[in-house]
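Trainee: sequence first, predicted model second:
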Amino acid sequence: MTKLSVNINKIATIRNARGGNMPDVRLAAINCQKFGAQGITVHPRPDGRHITYQDVYDISPIITTEFNIEGYPTKEFIDLVCKVKPHQVTLVPDAPDAITSNAGWDTIKHKDFLCEIIAEFKNFGIRTSIFVDTNLKSIDGAAKVRADRVELYASNFHKDKKMAVVAFSEAAKHTLKLGLQINAGHDLNLDNLKYFVTNVPDVFEVSIGHALISDALYFGLDNTIKLYLRELR
């Protein structure tokens, strides 16, 4: 069964809109795990508009499943990850002002940069994943920089999921041949999740935030996590 990691950034976004500590992102992380999530994902950005660096430090001690920290590898981000030592770090190529992740790494162009950063994380025993598109050369590049996994940028499913899934299936097969594991995220939701994991082989983990937290407003967090887990089965 593909594991579900819940990205709790949107909970922090609601809190930050008014200040204070409501909703409590630390409690949300505790509850997500209690309700069945197999991991917690956070993506701290330089402007602190949702999850902050302090949140990451506060959440880390209560993780009983798996902790995944996403982000662009600035010096501050690298220092944070090396101090917290999560189970996994997912590297994304976002500009500091990006609203959300919208593209994968050019692992050929940034080979030396990624090699250096990944080597540092490996020294701390942290598993590394690289956000990539379905471009097979980018996946080849991920293997060359010694990443452990790639996270496929699952997009375009709202247009034509049958056509969209073909490229992801081929990318996954290519990834497996290189000996890398596969994660996926971004545009996955209750409408396309089962279709995605059924047609893309051996997806180890999905990281879902925006859609899941939005659904929780209607169905409740406990029920929503169970609905997503049901799709993964």
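Mentor: Yes, it's here. Numbers count the residues shown, from 1 in each chain.
Trainee: give me the most central residue, this protein.
Mentor: Per Cα atoms, centre = their mean, the C-alpha nearest to the average position across the chain is that of residue 207, at 4.4 Å.
Trainee: doesn't residue 149 make contact with it?
Mentor: No - the criterion here is Cβ atoms under 8 Å, and residue 207 misses it with residue 149 at 11.3 Å. Where C-beta positions appear, they are placed from N, C-alpha and C, glycine not excepted.
Trainee: common neighbours of the two, please.
Mentor: Common contacts of residue 207 and residue 149 (Cβ atoms under 8 Å, 6 or more residues apart in numbering): residue 183.
Trainee: neighbouring contacts of whichever strand or helix holds residue 77?
Mentor: Using DSSP states H and E, residue 77 sits within helix 75-84. The contact list for helix 75-84 (Cβ under 8 Å, 6+ apart) reads 44, 46, 53, 56-57, 60, 67, 69, 71, 89, 117, 120-121, 124, 126.
Trainee: hang on, residue 118 in a strand?
Mentor: No - assigned with DSSP: H, G, I helix; E, B strand; the rest coil, residue 118 falls outside any strand and is helix.
Trainee: let's see the pLDDT reported for it.
Mentor: Looking at residue 118, its pLDDT reads 98.
Trainee: residue 102 too?
Mentor: pLDDT at residue 102 comes out at 65.
Trainee: residue 184 now?
Mentor: Taking residue 184 on its own, its pLDDT is 96.
Trainee: name the next helix or strand following the longest helix seen in the chain along the chain.
Mentor: The single longest helix within the chain, with elements called by DSSP state H, is helix 161-177. Scanning forward in sequence from helix 161-177 by DSSP H and E, the next helix or strand is strand 181-186.
Trainee: in stretch 177-187, what's buried?
Mentor: 180, 181, 182, 183, 184, 185, 186, 187 (16 or more other Cβ atoms under 10 Å).
Trainee: can you redo these as a markdown table with distance to residue 155?
Mentor: Listed next are the buried residues of stretch 177-187 as a markdown table, based on distance: Cβ to Cβ, whole Å:
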| residue | distance to residue 155 |
| --- | --- |
| 180 | 20 |
| 181 | 20 |
| 182 | 16 |
| 183 | 15 |
| 184 | 11 |
| 185 | 10 |
| 186 | 6 |
| 187 | 5 |
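Trainee: how far away is the residue lying closest to residue 86 once chain neighbours are set aside from residue 108?
Mentor: Leaving out its chain neighbours, the residue that sits closest to residue 86 by Cβ to Cβ, 6 or more residues apart in numbering is residue 67, at 3.9 Å. Distance check for residue 67 against residue 108: by Cβ to Cβ, to the nearest Å, it reads 30 Å.
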